[in-house]
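Student: here is a sequence with its predicted model. Questions after.
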Amino acid sequence: MKRIILLIIAGMLSLSLNVYAEEPSSWAEEAIEELKNFEVVDESIFSSYQDYITRLEFASLMVHFYELYKGEIKVDASIVFLDTNDIMAVKAATVGISSGVGDGKFDPSASITREQMAVLLVNTLELCQIELGEGGHSYVDEAAISSWAKKGVSICSGEGLLSGMGENKFSPKGTATKEMAYVVFDKMINAVPMAKRLAIRKLIESEKYPLNEIIRYYNACDEVILEVNRLSETYDYDKDGISDYYEIYRNFTDPVLADTDGDGLLDGDWLERTEYTYVIKLQVRLLAPYDLDFIESHIEQDMKLLEETKDYADIELIIYPYHKLDQTLVANKNYKEDNEEIMNGIQPGLTNDWDEKYRDDLIALLKENSIDPDTMSDQDLIFSILYFFEMEDYKGDEGYISEFSDITETGYHMYDWYTSFVDGKAVINPLILDKRPKVTQEIEATLDITTKDFEAYTG
């Protein structure tokens, strides 16, 4: 990306960047611009780009990555260096990024070599428990790489973090400039999806830039979209009472302007939020028991309470059939941590009766069939489970699914639980509740309820 494009985007984001006495080389501009936006490091480091980077300065970058990914380092007060008391040196030694050069010294002002950089990079990534490849790239000056650095150089080359210096030479004893190190640091963040996501999180939460411009700047990459989802209810750049997430993907109002149409009413007003798209409005009476907060946070539509008694709640719903929320559906391996409230929806209740043993048995069954919920993204997990049970439908009496299904005239099926309202209270249809099979190795009872039976009961 050319510098002029970056400056145009920076202007769109209303960035107020300091003007330094010297500029980075053209090949480093994009990475350095991104680092400034991420706000992972103090902006005071962005100067003297062609100077050699020191051991302390590079170790500080690695500490910033570690703290971005793992949280703040609590220093070991017993660690003391004779030639520096800089907190970043102590932090690097505390977690094992760099222990110094021996004899109680860190040698903070010495230039760092390329092979030393590679070792510190790999140390940091391994300390963050990030899975790395085995590397394997060979250079013509391989013999010049120190034995203690060969693993680091190989991995960094394989991961694309450090490349050669031309003619397939690595130049292990060569030094690096600050701008070289900043490019490597930016590659490091972008190479680790969760690190990139956390850096984007800092950018979004700073509320310095409109969310739609951040999405456009990063080309709606998965890391941005996952953060947009995480902050869907709270990030409101223009403070108009409706989150940028919904303004962009559902209401189609301007997330930068609090009053898109200029009529004096904020876009978050109950009527204003419907002006830029087709909607369906309806009123619904919910019979107790219900949880309005849970419903509102999961329907992705607008809901307004009209009246509430001990027995029911009347609500008004605004449905957005032309929403584009599906564009924010991306695979997420961190779904358990991002959606802690999802646990509320899978606890035993009126329409599900699984217990801990049932859940453990089901997970064991899935793992036996190469479906591991602990290692898969939410999308992969859902599609794998759906496909698995669909295929198990055709296995007959020997199919594993029989432990988790009912036996009917049409074969094996997952349970469908139906609720009825008796005296205004939601209960499981007793006809099904009484005849459901027990979850055992062999199903001893069958569920054989015809449509006629069901209609006779429900009237």
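Tutor: That came through fine.

Student: for residue 148, which non-adjacent residue is spatially closest?
Tutor: Closest residue to residue 148 apart from its sequence neighbours, by Cβ to Cβ, 6 or more residues apart in numbering: residue 119 at 7.1 Å. (Each C-beta comes from the backbone N, C-alpha and C, glycine too.)

Student: that neighbour: which element?
Tutor: Per DSSP states H and E, residue 119 falls inside helix 114-127.

Student: I figured the residue nearest to residue 148 hits residue 147, correct?
Tutor: No: using Cβ atoms under 8 Å, residue 119 makes no contact with residue 147, being 11.4 Å away.

Student: for the stretch 201-350 of the chain, which segments count as strands?
Tutor: Counting by DSSP state E, counting those that start in this stretch, residue ranges of the strands within the stretch 201-350 of the chain are 280-287, 302-308, 312-319.

Student: quick one: mean pLDDT over the first one.
Tutor: In this case it means strand 280-287. What strand 280-287 shows for mean pLDDT is 92.

Student: the last one too?
Tutor: Averaged across strand 312-319, pLDDT comes to 94.

Student: how big is the angle separating that strand from strand 280-287?
Tutor: 160 degrees (axes from the mean of the first three to the mean of the last three Cα atoms, to 10 degrees).

Student: helices or strands up against strand 312-319?
Tutor: If you count contacts as 3 or more Cβ pairs under 8 Å, 6 or more residues apart in numbering; DSSP states H and E, strand 312-319 packs onto strand 280-287, strand 302-308.

Student: tell me which of the ones you listed sits nearest to residue 272.
Tutor: Residue 272 lies closest to strand 302-308 among the helices and strands packed on strand 312-319, at 11.4 Å (Cβ to Cβ).

Student: next, the angle from that closest one to strand 280-287.
Tutor: 40 degrees.

Student: name the residues that touch strand 302-308?
Tutor: Under the contact criterion Cβ atoms under 8 Å, 6 or more residues apart in numbering, strand 302-308 has outside partners 270, 273, 283, 292, 295-296, 313-318, 320.

Student: buried only: go through the residues you listed for me.
Tutor: Taking 16 or more other Cβ atoms under 10 Å as the criterion, what is buried in these is 273, 296, 313, 315, 317, 318, 320.

Student: and the residues you listed, which is closest to residue 78?
Tutor: Relative to residue 78, the closest of these is residue 296; by Cβ to Cβ it sits at 52.1 Å.

Student: spatially nearest residue to the closest one (excluding sequence neighbours)?
Tutor: Closest to residue 296 by Cβ to Cβ, 6+ apart is residue 303, at 4.8 Å.

Student: what residues are bridge-paired with the one you found?
Tutor: Here residue 303 sits in beta bridges with residue 317, going by DSSP bridges.

Student: around it, count how many other residues there are.
Tutor: Residues lying near residue 303 (other Cβ atoms under 10 Å) number 14.

Student: and it, how far is that from residue 245?
Tutor: As judged by Cβ to Cβ, to the nearest Å, residue 303 and residue 245 stand 16 Å apart.

Student: would you mind checking the average pLDDT for stretch 155-164?
Tutor: For stretch 155-164, mean pLDDT is 87.

Student: quick check: buried residues in that stretch?
Tutor: 155, 156, 157, 159, 161, 162.

Student: can you tell me the closest non-neighbouring residue to the third one?
Tutor: Looking back up the chat, that one is residue 157. Spatial nearest neighbour of residue 157, chain neighbours left out: residue 137 (4.0 Å); criterion: Cβ to Cβ, 6+ apart.

Student: quickly note the distance from the residue nearest to residue 296 to residue 286.
Tutor: Taken as Cβ to Cβ, the span from residue 303 to residue 286 is 10 Å.

Student: please apply the same query to residue 194.
Tutor: Counting by Cβ to Cβ, the gap from residue 194 to residue 286 is 39 Å.

Student: quick one on the thing from earlier: nearest to residue 93, of the strands of the stretch 201-350 of the chain?
Tutor: Proximity to residue 93 (Cβ to Cβ) singles out strand 302-308 among the strands of the stretch 201-350 of the chain, at 53.7 Å.

Student: now do the buried residues in that closest one.
Tutor: Buried, per 16+ other Cβ under 10 Å, within strand 302-308: residue 302.

Student: ok so, going back, closest one of the buried ones among the contacts of strand 302-308 to residue 88?
Tutor: When the buried ones among the contacts of strand 302-308 are ranked by distance to residue 88 (Cβ to Cβ), residue 296 comes first, at 45.5 Å.

Student: related to what we said a few turns ago, which one of the strands of the stretch 201-350 of the chain lies closest to residue 99?
Tutor: Counting by Cβ to Cβ, residue 99 lies closest to strand 302-308 out of those; the figure is 56.8 Å.

Student: kindly export that closest one (C-alpha atoms) in CSV.
Tutor: Extracted C-alpha coordinates of strand 302-308, given in CSV (Å, rounded to 0.1, in the frame of the first residue of the first chain):
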residue,chain,number,x,y,z
ASP,A,302,-35.4,-4.2,18.8
MET,A,303,-37.7,-4.9,21.8
LYS,A,304,-39.6,-2.4,23.9
LEU,A,305,-41.6,-3.3,27.1
LEU,A,306,-45.1,-2.0,27.0
GLU,A,307,-46.7,-3.5,30.1
GLU,A,308,-45.7,-6.1,32.7
